[in-house]
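**Student:** Have a look; sequence and predicted model below, questions after that.
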Amino acid sequence: MSLPRVATIQDISGIGRCSLTAAIPVLSAMGVQACPLPTAVLSNQTGFDSFACVSLSEQLASSISEWRKQGLRFDAVSTGFLMDAEQAGLAGSFIDYAKSSGSLVVVDPVMGDEGSLYSVFDERMCQAFRSLAAKADLITPNLTEACLLAGVDYPGEVDAQSPLIWEIAGRLCEIGPATAVITGIQGDPGEICNIAYILRDDRRVCVSNRKIGGSYSGTGDILTAILTAGILRGEDVEVSLRLVGQLFEKAIARSLSERADPREGVAFEPYLHLLNIPG
């Protein structure tokens, strides 16, 4: 039996442990073949004071065209950082092609944080991500991105048990995805939560973990990769979110002990074995 194959559409950053440099090892560790479609090459992730960036829109379009010409099939398509609405359109076209043969579609709508849209984006990008979310089976926004997609005001710090969180998650599923995961929600004191709303069963999942340190680059990309591979392995979303928590607790604790720059991401590499298929 061949390994599941995932087309992952996002940038590659030389420094930052995010996007493709995070997704590829995570998918591989979980028994999935990662097939990258890079959207841009960055010297380092955008959280640094400066960075060099080259857009790969032309190459992205050419690669998608070539893959379609060859009739390649994928078990899943996952999207992350996109440079602009044009790239979102290319991703959407490829998703339509992949879905025709039954691909799972996972969209991480990377466009904002801490209540604000990233400065490089505008409302046109929000609309582009809404279009991608409508095609998705699963989306993985943070709270800011969830509010932007759902068209609600950002509430600031809000508890995972708040009815508002579940209202937002429900609105996200009305856009199209069967499952909406909202990441990085405040839990009980000393805890952080990732929540999931599964429309089919009207099911609410809240997985909490110890809150260690501050914000680190790439955690959303790692979470999305784990969820994608987990679904392909037949695992429940809750199981995958618990795997996320186990990995992050160890990786963040190590990063803190090494006094690592949070912009360089979490030291997840020594703990990839936690994601391996049992046996």
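**Tutor:** That came in fine, so what should we check first?

**Student:** which intervals of the protein have sub-threshold pLDDT?
**Tutor:** 1, 277-279 (pLDDT under 70).

**Student:** try 80
**Tutor:** In the predicted model of the chain, residues 1, 213-214, 277-279 satisfy pLDDT under 80.

**Student:** was I right about residue 86 contacting residue 55?
**Tutor:** No: taking Cβ atoms under 8 Å as the definition, residue 86 is not a contact partner of residue 55, at 9.3 Å. C-beta: built from backbone N, CA, C; applies to glycine.

**Student:** Could you list the residues in contact with stretch 167-186?
**Tutor:** 107, 130, 133-143, 146-147, 149-152, 157-160, 165, 192-200, 204, 219-220, 223, 227, 237, 241 (Cβ atoms under 8 Å, 6 or more residues apart in numbering).

**Student:** now, which of those residues lie within helices?
**Tutor:** Among these, the members falling in helices (DSSP state H) are 130, 133-135, 143, 146-147, 149-150, 165, 219-220, 223, 227, 237, 241.

**Student:** And the residues you listed, which is closest to residue 10?
**Tutor:** If you rank the ones in helices among the contacts of stretch 167-186 by distance to residue 10 using Cβ to Cβ, residue 220 comes first, at 10.7 Å.

**Student:** which residues does the residue nearest to residue 99 when sequence neighbours are not counted form a beta bridge with?
**Tutor:** Distances taken as Cβ to Cβ, 6 or more residues apart in numbering place residue 105 nearest to residue 99, at 6.2 Å, with adjacent residues excluded. For residue 105, the beta-bridge partners are residue 77 (DSSP bridges).

**Student:** give me every residue that touches residue 105.
**Tutor:** 76-78, 95, 98-99, 135-138.

**Student:** Tell me where the chain has helices.
**Tutor:** 19-29, 57-69, 85-99, 123-135, 143-150, 163-175, 219-232, 237-257.

**Student:** among those helices, which is the most enclosed?
**Tutor:** helix 219-232 (a mean of 26; mean count of other Cβ atoms under 10 Å).

**Student:** so what secondary structure elements neighbour that one?
**Tutor:** strand 5-13, helix 19-29, strand 76-79, strand 104-107, strand 138-139, strand 179-186, helix 237-257 (3 or more Cβ pairs under 8 Å, 6 or more residues apart in numbering; DSSP states H and E).

**Student:** which residues sit against that helix?
**Tutor:** Helix 219-232 is contacted by residues 4, 6, 8, 10, 18-19, 22-23, 26-27, 30-32, 75-76, 78, 80, 104, 106, 108, 110, 138, 140, 142, 181, 183-184, 194, 237, 239-241, 243-244, 247-248, 265-266, 268, 275 when judged by Cβ under 8 Å, 6+ apart.

**Student:** Residue 39 and residue 79, how far apart?
**Tutor:** To residue 79, residue 39 is 9 Å away according to Cβ to Cβ, to the nearest Å.

**Student:** Ok, residue 140 next?
**Tutor:** Using Cβ to Cβ, we find residue 140 at a distance of 10 Å from residue 79.

**Student:** Show me the common contact partners of those two, please.
**Tutor:** 106-108.

**Student:** could you dump stretch 265-273 to CSV, C-alpha only?
**Tutor:** The C-alpha trace of stretch 265-273 is given here as CSV (Å, rounded to 0.1, in the frame of the first residue of the first chain):
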residue,chain,number,x,y,z
GLY,A,265,10.4,28.6,16.2
VAL,A,266,10.2,25.6,18.6
ALA,A,267,12.9,22.9,18.8
PHE,A,268,10.5,20.2,17.6
GLU,A,269,13.1,18.0,15.8
PRO,A,270,14.2,15.8,18.8
TYR,A,271,10.5,14.9,19.4
LEU,A,272,9.3,13.9,16.0
HIS,A,273,9.3,10.3,17.2
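
**Student:** Check the offset of that stretch from the chain's centre.
**Tutor:** Offset of stretch 265-273 from its chain centre (Cα atoms, centre = their mean, to the nearest Å): 17 Å.

**Student:** And stretch 20-30, by the same measure?
**Tutor:** Relative to the centre of its chain, stretch 20-30 is centred 12 Å away, using Cα atoms, centre = their mean.

**Student:** residues in contact with it?
**Tutor:** Counting by Cβ under 8 Å, 6+ apart, 6, 8, 10-14, 33-34, 36, 38, 78, 80, 218, 221-222, 224-226, 228-230, 233, 265, 268-269, 272-273, 275-277 sit against stretch 20-30.
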